[in-house]
Every structure is written in structure tokens, then in C-alpha cells.
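A.B. asks: Here is my input, please return the structure:
(one chain, ligands or ions: 3)
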Amino acid sequence: MFEGRSRGVPGRNEPCWCGSGRKYKKCHLPQDRGATPKRSSIADKVAAISSGPTVKTAEQIAGIRAAGVLTREILDLLTDRVKPGVTTNQIDRWVVERTQECGAIAATLGYKGYTKSCCTSINEVICHGIPEDRELLDGDIVNIDVTPVLDGYYGDASRMYMVGNVSPAARRLVEVTHACLERGIAAVRDGARLGDIGHAIQTHAEANGFSVVRAFVGHGTGVDFHEEPQVPHYGRRGHGALMKAGTVFTIEPMINAGHWDARILDDGWTAVTADGSLSAQWEHTILVTEDGVEKLTA
Ligand code: MF3
Ligand code: CO
Ligand code: CO
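C.D. replies: Ligands and ions are numbered 1, 2, ... in the order given. Predicted coordinates for the structure are as follows:
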């Protein structure tokens, strides 16, 4: 998601939604760029005012778990299909097909004007690449990000797919980014801090000569597409909000081979590396448990 928040934003001079007590314009407004204020329901307003992640009920967790299983299934079925010559629109159609077969819908379809059921981010695209009639080429690396909503519950995960013969440099970026996600997940436990996740990811990425994208973060999810908290993929150990058992959020590090700076193309969605270097991303939705973490999309 964009770092920031899209729903139920307060007026410039009203208190910030985060509960800091500061005026919105002095607090999260600058971060909430690209957001379309929408006050669709009282529930949205309450969610906007009450800060912090929500602890899920057993029933909600069961629902999110089921959505997570479908998320994984969709990503699994693409493994053997992604190859040179396949278009990203074809990938989108496969995602639609499987999503519909299961009675689910894609959270991205119609989301703030987005018209597709997945994101396909190739090579220097960091995230939010829009499926199109472009064919995948031998040597491409592509992230496919899917977010089915099953019985009202959200699953959100993405993987890298290597198209044909990929250069050793690209493969190393993909593998290090996967290790970054796993290290981030390993830092999750009740009572740990969000900064522990970012620290684990950043340390590993930078030790390998790569950089961590700052402009996009992980996010609470499960009952809504994007919930509190925001989960940066960089940070300091022992800093940030406490993780709490029963909360659900994504970890989705975007790692660049070059500089971390990003820019958005004219389509308003596609985020690319500012320096044109390769970028990779892996994502899971996780549940914080009493004794650690459960991957809901693995
Ligand atoms: N699935 C993405 C995420 O991990 C969000 C995609 S939003 C879209 O948060 F509209 F670009 F599809
Ligand atoms: Co995602
Ligand atoms: Co996500």
C-alpha cells in the first residue's frame, strides 16, 4: 500500500486519525498522498478515529485463514504458467478465473480506479504494475501480487517468478529479497516491536549491497484491505509499535538492486526504481500468535 491512509481522513485542522493529538496537516497529511477521502459509513469513521490495529476474533481469523489458503493457491497455479511469451493480461485472466471459481472477488478490482485483479511488476517495476498485453521475455523477473476477498475476508500475498533464464544478478536479488521476507517474519512475536521487522529486513538487504524501498509499506489486513498498522521494511530494533497476538498484517519488502528511490509513472500506479535498477518483492499475510507467528498465505 501507499505509506499513508486513504479512508475517513480528517480535515486539515482536525486531529490526526493516528491519535497523536496533533492537527492532521501537521501529522499524517503529507504521508497520505494519493489518497481519496471517502466517508462511506459510520464504521469507517470509527475505524479512522480509533487508532491502532484490531485484535481479530476466532471467527475472523478462521475467515482470513481461508482467504490465505486461496491466495496461496492462486500464486501456486501460476508457477508453471509464467513463461516467455505469456502476457500479464493473460496472468490477470488466470487470477480472475480461479478467484471466481472459488466465489471470491479481487480486492484490487475497482480499488481507487484500479481495473485489474492482480499487480504484475516486471524488472525495474517496484510494485503496482498493471497487467497489459506486454509479453514476458526470457530473463524477466516479475512479481505477481494477488488479494482475493473470500466471504468478506482478505488474503494478500505476492511472489517473484523468474521467466526462462534469468541472470545471476537478478536471481540473487530475488533470493535475497525472499530471505528478507523470511527474516522479517522471524522477528514477529507478541511483545516485539515493528522496528524489529524493519531492522531484520534492512540489515540483510544492505549487507547484500541492496536497498529497501521507503515509499511503500506492509499493512494490517484481513477485515479490510488496508488496516492499521503500517509496517515499514526498514527501521531500528526496539522501536515502533508493539506487536500484539491476534493482529494480522502483511510484510512485503521491496528491495532494489540500486538506490531505494521510487517514482510513479503517468498511469498513476506503476512504481519504478528512480535509477532504473531491478527491484524484487515477496509478501505474506501473517498472524501474530501467543508464541510467535503464523503465515496465513504460506
Ligand atoms: N496487493 C497490494 C498490497 O500488497 C496492493 C495493491 S493495490 C492496487 O498492498 F490497487 F494497486 F492493486
Ligand atoms: Co499485495
Ligand atoms: Co499488501
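
A.B. asks: List phi and psi for the residue of the stretch 1-150 of the chain found nearest ligand 2.
C.D. replies: Proximity of the stretch 1-150 of the chain to ligand 2 (CB to the ion) peaks at residue 145, 4.0 Å away. Heads up, the C-betas are built off the backbone N, CA and C, glycines and all. With angles defined as degrees, to the nearest 10, residue 145 sits at phi -120, psi 120.

A.B. asks: Tell me the spacing between residue 62 and residue 56.
C.D. replies: The spacing between residue 62 and residue 56, counted by CB to CB, to the nearest Å, is 9 Å.

A.B. asks: Grab the longest helix from this protein for me.
C.D. replies: In the chain, assigned by DSSP state H, the helix with the most residues is helix 58-78.

A.B. asks: That one packs against which elements?
C.D. replies: Where contact means 3 or more CB pairs under 8 Å, 6 or more residues apart in numbering; DSSP states H and E, helix 58-78 is packed against helix 88-101, strand 141-146, strand 148-150, strand 153-154, strand 157-162, strand 284-289.

A.B. asks: Mean neighbour count and mean pLDDT for those - can I get that in CSV?
C.D. replies: CSV is the format used below for these (neighbours: other CB atoms under 10 Å; pLDDT from 0 to 100):
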stretch, mean neighbour count, mean pLDDT
helix 88-101, 19, 98
strand 141-146, 25, 99
strand 148-150, 24, 98
strand 153-154, 26, 98
strand 157-162, 22, 99
strand 284-289, 24, 98
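
A.B. asks: how about TSV for those, with distance to ligand 1 added?
C.D. replies: What follows is the helices and strands packed on helix 58-78, written out as TSV (distance: least, CB to the nearest ligand atom, whole Å):
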stretch	distance to ligand 1
helix 88-101	11
strand 141-146	4
strand 148-150	11
strand 153-154	9
strand 157-162	6
strand 284-289	9
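
A.B. asks: Make TSV from these and add distance to residue 112 to it.
C.D. replies: Listed next are these as TSV, based on distance: least, CB to CB, whole Å:
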stretch	distance to residue 112
helix 88-101	17
strand 141-146	15
strand 148-150	15
strand 153-154	16
strand 157-162	18
strand 284-289	20
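
A.B. asks: Would you mind listing what in the stretch 51-200 of the chain touches ligand 2?
C.D. replies: 145, 156, 158 (CB under 5 Å from the ion).

A.B. asks: Mind putting the residues you listed into TSV with distance to residue 278?
C.D. replies: Formatted as TSV, those follow (distance: CB to CB, whole Å):
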residue	distance to residue 278
145	17
156	23
158	16
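
A.B. asks: which among those residues gets closest to ligand 3?
C.D. replies: Ligand 3 lies nearest to residue 156 out of these, by CB to the ion, at 4.2 Å.

A.B. asks: before we move on, back to that, now the residue of the stretch 1-150 of the chain closest to ligand 2: closest residue in space, sequence neighbours ignored.
C.D. replies: residue 158 (3.5 Å; CB to CB, 6 or more residues apart in numbering).

A.B. asks: Report the contact partners of the one you found.
C.D. replies: Residues near residue 158 by CB atoms under 8 Å, 6 or more residues apart in numbering: 75, 119, 143-146, 252, 281-283.

A.B. asks: Good, wrapping up.
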